[in-house]
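A.B. asks: My questions are about this predicted structure, shown below with the sequence.
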Amino acid sequence: MFLRLLSAACAALLTMSALPAPADAGGSSAPLARLCDEYWQGYLEGNPIAATSIGDGRYDDRLADITPAATAKEKNRLEGVLARARAIEEKMLGAPDRLTRTALITEVEGQLAGLACGFEEWVVDPLGGPQVEFMSLPDYTTIETPADARKFVLRCRAMGKYLDDHIANLRTGLTLDRTASRDAVLKTIDQVARLTASPVESLAVWKPAAGHDGWKSADRERFAADLHSAIETALLPALRRYHDFLERDLLPHARPPEKAGLVALPGGLECYRRMIRMHTSLDPSPEEVHQLGLEQVAKYRKDLAELGQKVFGTSDVAEIQKRLRTDPAMHFSTPGEVEAKAREALARANAAVPKWFGIQPKARCEVKVMGMYEAPYSTIAYYRQGSADGKRPGNYMINTYLPETRPRYEAEALAFHESVPGHHLQIAIAQELKGIPEFRKQQGVTAYVEGWALYTERLADEMGLYSGDVDRLGMLSYDAWRSCRLVVDTGMHAMGWSRRQAIDYMTENSCLAENNIVNEVDRYLTWPGQALAYKLGQLEILKLRDEAKQRLGARFDIKAFHDVVLSNGAVALPVLRQQVEAWIAGAEGAK
């Protein structure tokens, strides 16, 4: 068995009856509740954009403080929370509070692991860096009054200092021989150059200046003038400074593609091990994960050969991949086709949900097209959660850039993963849970969140959601994609693989288009360990479901199983196992 627990706290958890007890039942601990709230409020204050994204507007006038002094202060705060959480005696808590204590410890341990890696000193991120994050802000910032507008202007003015602090952190990394990979730097340089060459009125961050018909004309004009000034005098000059720093100072020292992984950085391998624990809530070695990936890829090739024989009349994997990648009929022609397919798949999934899930969210999910400031170097899609109050829906963000490179055969699996029954269903349910601390509704373990979404790609086939065998080929390709991640993420970050070696491996062992593969590999380089969470989480959920079916036989209820999995937020995988095993035991006892 290669899966070992993250910490002893994950092993000592609750025994529950047939369904999980509500989190506010018996044995409630006031000190734990206060600590959870204190932790969460500190998190929101220190991460203002995260607060905005869930609909908390208290900090809409500011950005995070990313200076070394602020980072040290946050580290001290988290260490204090962790010490106090560990000091609360588990045996004195009721089952729901034991779950909360474990979740808090797991969350804080993960954040401390990230801080220990010092990512702020070297990460240059073309997917989620400030040049992308700032342009995305209007999509989830509420601006209903002139007071909201003033906050947004102040935030835009703060972007100049934020970028200067980011540059200072990267300069520190330079002195420590800790730098980003060359391709990440080149992509970011291109993104920033595009932004600085654009008129203010064409930038996404300018969008809030339009509209507001219910305001006085003086308020509208003041907002437009102030926002234009903030962009022109604070944001754009700082973006130019960032561009110049990246191009003149950092790029000559950026790591070459042959040394793109963490293992090439001082302390990189130990950091990678921390990231494996943080993202998976498990403690496998990189070598164990790598081997599992090789085994899963071999299984995929067998499945693809069988389905390819049915669809194309050949079981040769290379030939199947060639046909899928090169046949124009297998790809979209226009951005509108990409969007229409996404909407159609989401609508069908929504209609099927009641037959498979007891717990269902009230919040809706909407399809939204990525802006061009991020699309060229972004992934093929992602999910953006809605506000905690339900006023802003979850968004299935789709990439329609170069539609002729977007495969039709993958579109349905992608939609089911990112929207329903995948991310939106799970995250919206978590946000709407009652009687649990707020951090458990909004945060959690990556392997649970992404494992669930990958699990639903196969579940969608059981639900009858795929249009045909060609779309099932896309489902297989996506499963292989996540299996390849186990191989290439560990390969680059622990075993010295080059960027090209990772791209070639994924090209040989998935059906993804090469532009998607390149962006994905660069994502793994920027977010070490995150890519491992998908397959490890999916395999654990499938294993738990199989165990439940074997033990319960005809009494196994898929709705009840899903409700158990979804009813406590994004818990650590060892905790999820405890929950499901307790449910199975309770169901067996109810004979």
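C.D. replies: Noted; the coordinates are in hand.

A.B. asks: Residues contacting stretch 457-467, please?
C.D. replies: Stretch 457-467 has contacts (Cβ atoms under 8 Å, 6 or more residues apart in numbering) with 345, 348-349, 352, 355-356, 412-413, 416-417, 421-422, 472, 475, 478-479, 538, 542. Just so you know, the C-beta spots here come from the backbone N, C-alpha and C atoms, and that holds for glycine as well.

A.B. asks: Please, where are all the strands along the stretch 301-450 of the chain?
C.D. replies: For the stretch 301-450 of the chain, the strands defined by DSSP state E, counting those that start in this stretch occupy 365-369, 381-384, 394-398.

A.B. asks: Would you mind finding the most buried of those?
C.D. replies: Ranked by mean neighbour count, the strands of the stretch 301-450 of the chain are led by strand 394-398 with a mean of 25 (mean count of other Cβ atoms under 10 Å).

A.B. asks: residues in contact with it?
C.D. replies: Around strand 394-398, the neighbours that count as contacts under Cβ under 8 Å, 6+ apart are 139, 338-339, 342, 346, 363-370, 380-386, 415, 418-419, 423-424, 427-428.

A.B. asks: Equivalent analysis for stretch 270-281, please.
C.D. replies: The contact list for stretch 270-281 (Cβ under 8 Å, 6+ apart) reads 6, 10, 106, 109-110, 113-114, 116-117, 262-263, 265, 282-286, 289, 445-448, 493-494, 528-530, 532-533, 536-537, 572-575.

A.B. asks: Pull out the buried positions in it.
C.D. replies: For stretch 270-281, the neighbour count (16 or more other Cβ atoms under 10 Å) marks C271, Y272, R273, R274, M275, I276, R277, M278, H279, T280, S281 as buried.

A.B. asks: swap in stretch 247-267?
C.D. replies: Within stretch 247-267, the residues that count as buried by 16+ other Cβ under 10 Å are 247, 250-251, 254-255, 257, 259-265.

A.B. asks: do the same with stretch 67-86
C.D. replies: Of all the residues in stretch 67-86, those buried under the rule 16+ other Cβ under 10 Å are T71, E74, R77, L78, V81, L82, R84, A85.

A.B. asks: what do you get for stretch 555-567?
C.D. replies: Neighbour counts using 16+ other Cβ under 10 Å place I558, A560, F561, H562, D563, V564, V565, L566, S567 of stretch 555-567 among the buried residues.

A.B. asks: before we move on, what about stretch 283-300?
C.D. replies: By neighbour count with 16+ other Cβ under 10 Å, stretch 283-300 contains the buried residues P284, P286, E288, V289, H290, Q291, L292, G293, Q296, V297, Y300.

A.B. asks: one step back: got a quick ChimeraX command for the buried subset of the contacts of stretch 270-281?
C.D. replies: Buried subset of the contacts of stretch 270-281, written as a ChimeraX selection, criterion 16+ other Cβ under 10 Å:
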select :6,10,106,109,110,113,117,262,263,265,282,284,286,289,445,446,447,448,493,494,528,529,530,532,533,536,537,572,573,574,575
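
A.B. asks: which ones among the contacts of stretch 270-281 are found in helices?
C.D. replies: Assignment to helices by DSSP state H places the following of those there: 10, 106, 109-110, 113-114, 116-117, 286, 289, 446-448, 493-494, 533, 536-537, 573-575.

A.B. asks: Kindly give the local confidence score, pLDDT, for D148.
C.D. replies: The model reports D148 with a pLDDT of 97.

A.B. asks: ok, and the closest non-adjacent residue to it?
C.D. replies: In this structure, D148 finds its nearest non-sequential neighbour in T142, 6.3 Å apart by Cβ to Cβ, 6 or more residues apart in numbering.

A.B. asks: Could you pull up the contacting residues of that neighbour?
C.D. replies: Counted by Cβ under 8 Å, 6+ apart, T142 has contacts G55, G57, D60, D148, K391, R392.

A.B. asks: Of those, select the buried ones using a PyMOL command.
C.D. replies: Filtering those down to the buried ones (16+ other Cβ under 10 Å) takes a single PyMOL command:
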select buried, resi 55+57+60+148+392
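
A.B. asks: Tabulate the contacts of T142 (a markdown table), appending distance to D125.
C.D. replies: Formatted as a markdown table, the contacts of T142 follow (distance: Cβ to Cβ, whole Å):
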| residue | distance to D125 |
| --- | --- |
| G55 | 25 |
| G57 | 26 |
| D60 | 23 |
| D148 | 28 |
| K391 | 29 |
| R392 | 24 |
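
A.B. asks: from the contacts of T142, which ones fall inside helices?
C.D. replies: The members of the contacts of T142 that map onto helices under DSSP H are D148.

A.B. asks: Which of the contacts of T142 scores worst on pLDDT?
C.D. replies: For the contacts of T142, the weakest pLDDT value sits at K391, with 89.

A.B. asks: Tell me where the protein is predicted with low confidence.
C.D. replies: Counting by pLDDT under 70, the ranges of the chain that qualify are 1-28, 591.

A.B. asks: Domain boundaries for it, per the record?
C.D. replies: What automatic domain parsing lists as the domains of the chain is 10-123, 132-264, 274-538.

A.B. asks: Am I right that E438 is in contact with Y39?
C.D. replies: No. Using Cβ atoms under 8 Å, E438 is not in contact with Y39, being 9.7 Å away.

A.B. asks: Of the two, which one has the most company?
C.D. replies: Under the criterion of other Cβ atoms under 10 Å, the comparison of E438 against Y39 puts Y39 first, with 24 against 18.

A.B. asks: so who does the more buried one touch?
C.D. replies: Y39 makes contacts with V81, L104, V108, F439, as judged by Cβ under 8 Å, 6+ apart.

A.B. asks: Out of those, which comes closest to N169?
C.D. replies: Nearest to N169 among the contacts of Y39, counting by Cβ to Cβ, is V108 at 22.5 Å.

A.B. asks: and that closest one, how far is that from V449?
C.D. replies: For V108, the distance to V449 equals 18 Å [Cβ to Cβ, to the nearest Å].

A.B. asks: Please apply the same query to K391.
C.D. replies: Using Cβ to Cβ, one gets 22 Å for the distance from K391 to V449.
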